[in-house]
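J.: have a look at this prediction, sequence included:
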Amino acid sequence: MLRELHVHDLALVEDVWLELGSGLTALTGETGAGKTVLVGALKLLLGERADSSLVRSGAAEAVVEGRFDVGGDEVLVHRQVSAEGRSRCTVNGEMATVTGLAGLLGGQVDLHGQHEHQSLLVVSNHAGYLDRFCGAPAQEAMAAYVDAFAALQLDRKALRELERSLGERERRADYLRFQVQEIDAVQPHPGEDVQLEEMLPRLRHAGRLATAAAEVYEALRGEGGTADAIAEVVGGFAPALSLDPVFDSLRDQAIELSDAVESLGMQIREYAEGIDHDPGTLDQTESRLVALGALKRKYGPALDDVFGLYTAAQAELAVLDAGEAGLEEAQRRLSASMEALHAVAVVLTQTRDAVVPRFEQAMAEALHGLALPDAVLGVQRAALDEDAWTLDGPETVEFLFSANVGEPPRPLAKIASGGEVSRVMLALKSALGAADRTPVLVFDEVDAGIGGATALAVGARLHELAESHQVLVITHLAQVAAYADRQVVVYKSEDGGRTATNAREVTGVERVAEIARMLSGDMSEASLAHAGELLSTVSTR
């Protein structure tokens, strides 16, 4: 329930506070007084987008505040829009987003204006109204249908993609097999290219390296070479050993030097013996590096990349080779999804079958109570071909309307007048009754195109609807306003050369005067008497 509404510097509204209660509240006033601005303010509290054009001329910002009762908890909503276009929302003093605001209060208030009436003329909306009348059974069936329909679409997409993939399977498989065979033909080994590149200089310069190694070995180990010279050095220490520790330490260094020369000589000999002088080995190594280089240029840049591609190609080949089995599995899943969708579609259709007669009867009674005694609203349903099923269901649902005896019902959008559409919408809300759990209902232009006895009927139906909802109605008709539990007059005033919209609740003689103005445009004695009689008559019904 909306308990209080505060609007500051929004359009022509300078500062308006409204305290609201349960039942039916009528907002009345001259055309252009600003009644619709108050509805716009409420829309801002419900999360509608705002722009700087809404800010009152000369003001820094517009502010809209609302105090709601949501499930027994008080919720304070604050919305401000600056002249520069910045918007700020808070809920109970904490920052909130516009989306969060809509999520919090969107289900608390149902706004019905001319736009909403026009939505009744869109055939695709009719199934939703029928399902809301049915309540939980139809809504649960519809939810199950939507889930099953979405699953079917996913399975259809997966099958199409698999079929497209399989259509290219052979070409792709041939390419992958070529890659695998090309790599298999070379049979590379991890790190092989690095090892061969290290060997290549030794193979290319084998002769020079062997000669140099032999000369070095001879200088170290040959007669009169370095080894013999160092041996003489070591022997020279013998006469004076153990006489001085420092001298003995120098001899130890000489021995270490002799051992190092011995080790170096052995390594040089092994190196020389390991040199491959066979030109065939060089040719093989160079050819092998060329083959590995070709693989790296094509599938690299590194040899590890070649191995990675090889592994991936083998894995993809395995998937492609199993493609037929995958296609059969995808077809099986699609068949199962279609069966599941058919099952929930049957439930949805049967649920609607059961409720249509009751819906048509309820709508007839509601329309009769709105001064359309001969009106009927029928439900025409037509099954769709399976390929034409949509998220809205396996069938079309359309409302057919006739306002006069002897006239067959025809599509509502083609024959209903503006006033009739407004009453059909009001009848629909009445027929939904307890099934519509939205606490606050706001009607703008619900009385378009009607008057007299019809207006009284509309007022009575709004008052009846207010027994289970908080109802706010913007009206120009005295007959509708007379049924309200409270009446708020919206009016313009001038102060300091500026016009501002104001609002205040009227009671007693003030309300009689406002009803009189709405009836005849003046407050003559006759008009006041008529207004008083209208209020008295309505209050006894």
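T.: Cool, got the structure.
J.: can you show me the helices along the stretch 51-200 of the chain?
T.: 98-105, 114-119, 126-134, 136-167, 169-186, 192-204 (DSSP state H, counting those that start in this stretch).
J.: how about JSON lines for those, with mean neighbour count, mean pLDDT and distance to A482 added?
T.: Every residue, glycine included, has its C-beta placed from N, CA and C. Putting the helices of the stretch 51-200 of the chain into JSON lines (neighbours: other CB atoms under 10 Å; pLDDT from 0 to 100; distance: least, CB to CB, whole Å) gives the following:
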{"stretch": "helix 98-105", "mean neighbour count": "16", "mean pLDDT": "85", "distance to A482": "30"}
{"stretch": "helix 114-119", "mean neighbour count": "15", "mean pLDDT": "60", "distance to A482": "23"}
{"stretch": "helix 126-134", "mean neighbour count": "20", "mean pLDDT": "89", "distance to A482": "29"}
{"stretch": "helix 136-167", "mean neighbour count": "16", "mean pLDDT": "88", "distance to A482": "37"}
{"stretch": "helix 169-186", "mean neighbour count": "14", "mean pLDDT": "87", "distance to A482": "77"}
{"stretch": "helix 192-204", "mean neighbour count": "14", "mean pLDDT": "83", "distance to A482": "98"}
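J.: Serialize those helices to JSON lines and add fields for distance to V347.
T.: JSON lines is the format used below for those (distance: least, CB to CB, whole Å):
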{"stretch": "helix 98-105", "distance to V347": "29"}
{"stretch": "helix 114-119", "distance to V347": "27"}
{"stretch": "helix 126-134", "distance to V347": "12"}
{"stretch": "helix 136-167", "distance to V347": "5"}
{"stretch": "helix 169-186", "distance to V347": "40"}
{"stretch": "helix 192-204", "distance to V347": "67"}
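J.: give me the element L309 is part of.
T.: helix 303-321 (DSSP states H and E).
J.: hang on, the earlier thing: which one of the helices of the stretch 51-200 of the chain lies closest to S536?
T.: helix 114-119 (31.8 Å; CB to CB).
J.: between the helices of the stretch 51-200 of the chain, which gets nearest to A382?
T.: With CB to CB as the criterion, A382 lies closest to helix 126-134 of those, at 11.6 Å.
J.: and A345, helix, strand or coil?
T.: helix (DSSP: H, G, I helix; E, B strand; the rest coil).
J.: and the gap between V488 and A212?
T.: 112 Å (CB to CB, to the nearest Å).
J.: the more surrounded of these two?
T.: Per other CB atoms under 10 Å, whichever of V488 and A212 has more neighbours is V488, with 24 against 13.
J.: quick check, the more buried one in contact with T507.
T.: No - V488 sits out of contact with T507 when judged by CB atoms under 8 Å, with a separation of 10.6 Å.
J.: which residues are in contact with the residue nearest the centre of the chain?
T.: In the chain, the centroid-proximal residue (CA atoms, centre = their mean) is T99; its distance is 11.9 Å. Counting by CB atoms under 8 Å, 6 or more residues apart in numbering, T99 touches G47.
J.: 10 Å - rerun?
T.: G47, C89, G106 (CB atoms under 10 Å, 6 or more residues apart in numbering).
J.: burial count for the last one?
T.: It refers to G106. Neighbour tally, G106, other CB under 10 Å: 13.
J.: look up how far F443 lies from it.
T.: 18 Å.
J.: thought P201 was touching E286, still the case?
T.: No - using CB atoms under 10 Å, E286 makes no contact with P201, being 11.8 Å away.
J.: any idea where the strands of the stretch 401-541 of the chain begin and end?
T.: Ranges of strands in the stretch 401-541 of the chain, per DSSP state E, counting those that start in this stretch, are 410-411, 440-444, 470-474, 486-495, 498-506.
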